[in-house]
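> build me a model from this:
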Amino acid sequence: MRSTPRQWRTWATAVTTAVATVVSAGVAGATTTQDRDGLSPDITAIMAKPAYRYAQWGLLEIDDETGEVIHSQFPDQFFIPGSTAKLVSVSATWHALGGDHRFTTPVQAVGDRDGSALDGSLVVVAQGDLTMGGRTAPDGSVAYTPIDHTYANDVPGATLTPENPLAGLDEIAGQVRDSGITEVRGDVAVDSRLFTSFPELDPSPTPLIINDNVIDLLSTATTPGQPAQLSWRPQVAPYQVESNVRTVAAGGPTEIAVSASPDGTRISLSGTIAADAQPVLRISAVQDPAAFGRTALIEALARAGVTVTAPPTGPNPDHLVPASYDGTQRVAAYVSPVYAQYAKLILKVSHNLGANLGICLMAVTAGSHQCADGFPVLTDFLRQAGIDPAQVQLLDGRGGNPVDRVTPRVENQILHYWQGTAEATRFRDAQPILGVDGLLAFVCEGCPTCPGKGKVWAKTGTVAGFDAVNQRLAVGADTIGGYLDAGHGRLHTFYLAVNGASAPDIEGVIQIGNDLARIAGLLQEQAEARNHS
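This next block holds a predicted model:
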C-alpha cells in the first residue's frame with residue numbers, strides 16, 4: 001500500500017527518539033577505504049554509504065583525561081541536534097535543582113475543621129513533579145522501558161511500566177485520611193500557578209502531571225473474528241473508551257488507530273490485530289490535566305474513605321485557590337524520588353515532556369512563573385561551566401524546534417564538565433548504554449558481534465520529515481553523543497552527527513541511526529585498543 005505524506009510524517013516523528021532501538025547493528029553498503037582524519041576503514045565505509053551522498057558529518061572525540069583530540073571533523077560547525085539537545089537542557093536543569101532535589105507536592109486544607117469534617121476545600125499545590133509516583137519502584141528508582149509509552153502511537157513495541165500511575169494520589173489520599181479528615185464539605189482544587197508554558201514547548205509541560213498526561217490503551221488479540229481485549233489506565237471519570245478493534249488471522253494486519261472527542265474524554269479505538277501479534281499499546285492525550293488530576297484525587301479519596309461533597313467531575317475550581325496559604329493546614333504531601341532519577345528517565349527514553357518541563361523548572365528557580373525565563377538559567381549554567389553559549393541555539397528542552405543547533409565541541413564540553421563533578425558516575429549512567437538499556441537496548445539484537453556493547457554511554461537523536469519532491473524521507477539530523485570506555489579506567493567524550501541524509505522509507509531512517517550507533521561502538525573499540533597498545 002502506498003504511504004501518504006501524512007503517514008511519512010508520523011513515522012518521521014516516531015524515529016526522533018527511538019531510531020536505534022528496533023534493529024540490529026549490522027553494516028551494509030559501500031566498502032571504500034578513504035581515510036577521514038585517521039578513522040578506520042570500517043567507519044569510513046559507513047560514512048560513504050549512498051544515504052550520506054549529500055550529507056555533512058561532524059565528529060569530535062576527546063580523551064577526557066588528557067584533553068587530546070582523537071578525531072575531529074567540523075567540531076565548531078552547527079548541527080541539528082535532535083534529542084541530543086537533552087544533554088544540554090537536562091544538564092542545566094540538574095545543575096539548577098541538584099541531583100538530590102525532591103519535589104514535595106503539598107495538600108492544604110483551606111477552611112475550618114469540625115471534628116473529622118473539613119468545612120472548606122482541599123487544594124493540591126502542584127510543584128512540577130514529572131511522575132507523581134506513577135513510575136516509582138519499591139526501591140525508589142523511576143521505572144522505564146526501552147520504548148516508552150509516550151511514543152506508543154508512533155513507535156512499534158512501546159510498553160508500559162508495571163507501576164500504578166495513580167500511586168502518588170493514592171498516597172496523598174491515605175495521608176488525608178490519616179490526618180483525621182473523613183469528609184470534605186467543599187471541593188478539591190489544583191493550584192497550577194507554579195508556571196505558565198509557551199507554544200514552543202511541545203509537548204507542553206503542566207504543573208500537575210499524571211501518567212505523562214495520557215491515557216494508556218492496550219489491545220490484546222483473542223480469536224480471529226472476535227473483538228480484541230481492551231485494558232486501559234488510569235481509569236478516571238468521565239473518561240470512557242470504546243474499542244472496535246477486531247482480531248484477524250495470524251499473520252494478518254495489525255493496524256490500530258485512536259481518536260478522541262475534543263475534550264479528550266471519549267476515546268475510540270478501531271482497526272485490526274493479528275491473532276499472533278503481541279499486545280498493542282496506544283495513547284490518548286489528557287486535554288485538561290488539572291481537571292483530570294482533581295477528579296483522580298477525589299476518586300482516590302473515596303477509595304481511602306474520605307467523602308467530598310462536590311461532584312467529582314467538572315472543571316478545576318481555580319477560584320477556590322487562595323492568594324496565600326498562610327493560616328492553612330498541610331494535611332498531606334507527596335515527596336518524589338530524587339531529580340537524578342527523573343533525569344535518568346528523560347535521557348534513557350528521550351522523554352520529551354520531561355525535557356521541556358526542565359525549562360519551566362529552571363524558570364521557577366529564578367523566581368519566575370514564565371517558562372521562557374528558564375533559558376537565561378540555562379545560559380548561566382553554560383557560562384559557569386566555562387562553555388560559550390554561542391555554541392548552542394535552543395527554543396525548547398527536547399531538541400524538536402527548527403531553531404535548535406549545537407556544535408560537536410559544546411556537547412563534548414558538557415560531557416567533560418560532568419566528569420569534574422561528584423555526579424560524574426550518576427550522570428554517565430543516566431545515558432542509554434549500547435546493547436543494554438534505554439534507546440540503545442536493542443542495537444545488538446541479531447548480531448554475531450556488537451562493538452562497544454556495554455561500553456558506550458550515549459544519548460541519541462533524530463530529526464526527519466517527508467520529502468515530497470523525491471517521495472522519501474529527508475533525515476535532517478541523526479546524532480549520538482556520550483562516553484566511550486577507553487580502558488584502564490579512562491573515558492573519551494564524543495559527539496557524532498550527520499545532517500542532510502536521506503532514506504527511502506522508515507526502515508532506512510532506522511538504519512541511519514543504527515549506523516551512528518555502530519560507529520560509536522567502533523570508536524570505543526579503537527579507543528580501548530589504542531590505550532592498550
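> need the residue closest to the centroid of the protein.
Nearest to the geometric centre of the chain sits His351, at 0.4 Å (CA atoms, centre = their mean).
> worst-scoring helix or strand of the protein, pLDDT-wise?
helix 5-18 (a mean of 39; mean pLDDT, DSSP states H and E).
> just for the stretch 401-533 of the chain, where's the confidence low?
533 (pLDDT under 70).
> mind doing that once more with 90?
The stretch 401-533 of the chain contains residues with pLDDT under 90 at 442-450, 506-507, 509-510, 530-533.
> how about the strands in it?
Counting by DSSP state E, counting those that start in this stretch, the stretch 401-533 of the chain has these strands, from start to end: 405-406, 456-467, 472-487, 490-503.
> mind listing what's buried in the last one?
Within strand 490-503, the residues scored as buried using 16 or more other CB atoms under 10 Å are 491-503. C-beta: built from backbone N, CA, C; applies to glycine.
> just flag the most distant two among those.
With CB to CB as the measure, no two of the buried residues of strand 490-503 lie farther apart than Leu491 and Ser502, at 33.7 Å.
> neighbours around Ala430, how many?
Residues near Ala430, counting by other CB atoms under 10 Å, number 24.
> can you pull the buried residues of the longest helix belonging to the chain?
Using DSSP state H, we find that the single longest helix of the chain is helix 506-532. In terms of neighbour count (16+ other CB under 10 Å), helix 506-532 has its buried residues at 506, 508-528, 531.
> give me the distance from it to the chain's centre.
23 Å (CA atoms, centre = their mean, to the nearest Å).
> equivalent analysis for stretch 50-62, please.
Distance, centroid of stretch 50-62 to centroid of chain: 26 Å (CA atoms, centre = their mean).
> and stretch 384-392, by the same measure?
24 Å.
> now do it: distance from first to last residue.
15 Å (CA to CA, to the nearest Å).
> any idea of the mean pLDDT in that stretch?
On average, the pLDDT along stretch 384-392 is 98.
> for Thr493, see how far away His416 is.
6 Å (CB to CB, to the nearest Å).
> any residues in contact with both of these two?
Common contact partners of His416 and Thr493 (CB atoms under 8 Å, 6 or more residues apart in numbering): 62, 64.
> show me where the stretch 251-400 of the chain has its helices.
Remark: helices assigned in the stretch 251-400 of the chain by DSSP state H, counting those that start in this stretch are 289-304, 339-349, 352-365, 374-384.
> JSON lines for those, including distance to Leu439 and mean neighbour count?
Rendered in JSON lines, the data for the helices of the stretch 251-400 of the chain read as follows (distance: least, CB to CB, whole Å; neighbours: other CB atoms under 10 Å):
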{"stretch": "helix 289-304", "distance to Leu439": "26", "mean neighbour count": "23"}
{"stretch": "helix 339-349", "distance to Leu439": "6", "mean neighbour count": "25"}
{"stretch": "helix 352-365", "distance to Leu439": "13", "mean neighbour count": "26"}
{"stretch": "helix 374-384", "distance to Leu439": "23", "mean neighbour count": "18"}
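> nearest to Ala109 among those helices would be which one?
Nearest of these (CB to CB): helix 289-304, 12.5 Å.
> who touches that closest one?
122, 124, 126, 166, 169-170, 172-174, 176-177, 184, 188-190, 192, 206, 208-210, 213, 234, 236-239, 286, 307-308, 310, 312-317.
> could you give me the ChimeraX syntax to select whichever of the residues you listed are buried?
Those of the contacts of helix 289-304 that count as buried under 16+ other CB under 10 Å are selected in ChimeraX with:
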select :122,124,126,166,169,170,172,173,174,176,177,184,188,189,190,192,206,208,209,210,213,234,236,239,286,308,310,312,313,316,317
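> show me what contacts Gln226?
246-247.
> re earlier: now the strands of the stretch 401-533 of the chain as JSON lines including distance to Ser261?
As requested, the strands of the stretch 401-533 of the chain are exported to JSON lines (distance: least, CB to CB, whole Å):
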{"stretch": "strand 405-406", "distance to Ser261": "39"}
{"stretch": "strand 456-467", "distance to Ser261": "29"}
{"stretch": "strand 472-487", "distance to Ser261": "32"}
{"stretch": "strand 490-503", "distance to Ser261": "36"}
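> mind checking which of these is nearest Gly420?
strand 490-503 (11.9 Å).
> adjacent strands (with direction) for the closest one?
strand 56-63 (antiparallel), strand 472-487 (antiparallel) (DSSP bridges).
> any idea which of those is most buried?
When the strands paired with strand 490-503 are scored by mean count of other CB atoms under 10 Å, the highest mean neighbour count falls to strand 472-487 (a mean of 24).
> now that one, how far from the chain's geometric center?
17 Å.
> likewise for stretch 89-98?
Worked out by CA atoms, centre = their mean, stretch 89-98 lies 16 Å from the chain centre.
> quick one: the longest helix of the chain to strand 472-487, angle?
20 degrees (axes from the mean of the first three to the mean of the last three CA atoms, to 10 degrees).
> torsion angles phi and psi at Gln118?
Slight slip there: residue 118 is Leu, not Gln. phi -110, psi 120 (degrees, to the nearest 10).
> OK, contacts around it?
Leu118 neighbours (CB under 8 Å, 6+ apart): 109, 111-112, 181, 183-186.
> and stretch 246-259, how far apart are its ends?
16 Å.
> ok, now stretch 128-140?
End residues of stretch 128-140 are separated by 18 Å (CA to CA).
> next, the buried residues of it.
Buried residues in stretch 128-140 (16+ other CB under 10 Å): 128-136.
> ok, so of those, who is nearest Ala333?
For these, the nearest to Ala333 is Asp129 (10.8 Å; CB to CB).
> beta partners for that closest one?
Leu208.
> who's in contact with it?
Contacts of Asp129 by CB under 8 Å, 6+ apart are 103, 105, 168, 208-209, 334, 336.
> those residues in strands, which ones?
The members of the contacts of Asp129 that map onto strands under DSSP state E are 103, 105, 334, 336.
> confirm Gly225 sits in a helix?
No. Read with DSSP: H, G, I helix; E, B strand; the rest coil, Gly225 is coil and lies in no helix.
> just checking, it touches Thr272?
No. Taking contacts as CB atoms under 8 Å, Gly225 lies outside contact range of Thr272: 10.7 Å.
> and these two? which has more neighbours close in?
Under the criterion of other CB under 10 Å, the comparison of Gly225 against Thr272 puts Thr272 first, with 20 against 10.
> quick one, what contacts the more buried one?
So Thr272 contacts 245-248, 252-256 (CB under 8 Å, 6+ apart).
> which ones among the residues you listed map onto strands?
Reading strands off the contacts of Thr272 with DSSP E, I get 245-248, 255-256.
> tell me the one of those nearest Ala45?
For the ones in strands among the contacts of Thr272, the nearest to Ala45 is Glu255 (37.1 Å; CB to CB).
> for that closest one, which residues count as its bridge partners?
With DSSP bridges as the rule, Glu255 is bridged to Thr272.
> now it: how far from Arg246?
11 Å.
> out of those two, which sits in the busier spot?
Taking neighbours as other CB under 10 Å, Glu255 and Arg246 compare with Arg246 leading, 17 against 13.
> please name the nearest non-neighbouring residue to Thr307.
Glu183 (5.2 Å; CB to CB, 6 or more residues apart in numbering).
> wait, the one you found touches Ala117, no?
Yes. Glu183 is in contact with Ala117 according to CB under 8 Å; the separation is 4.2 Å.
> take the buried residues of strand 490-503 and write them to a markdown table, including distance to Arg398.
As requested, the buried residues of strand 490-503 are arranged in a markdown table below (distance: CB to CB, whole Å):
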| residue | distance to Arg398 |
| --- | --- |
| Leu491 | 26 |
| His492 | 26 |
| Thr493 | 22 |
| Phe494 | 22 |
| Tyr495 | 18 |
| Leu496 | 20 |
| Ala497 | 17 |
| Val498 | 20 |
| Asn499 | 18 |
| Gly500 | 21 |
| Ala501 | 21 |
| Ser502 | 24 |
| Ala503 | 22 |
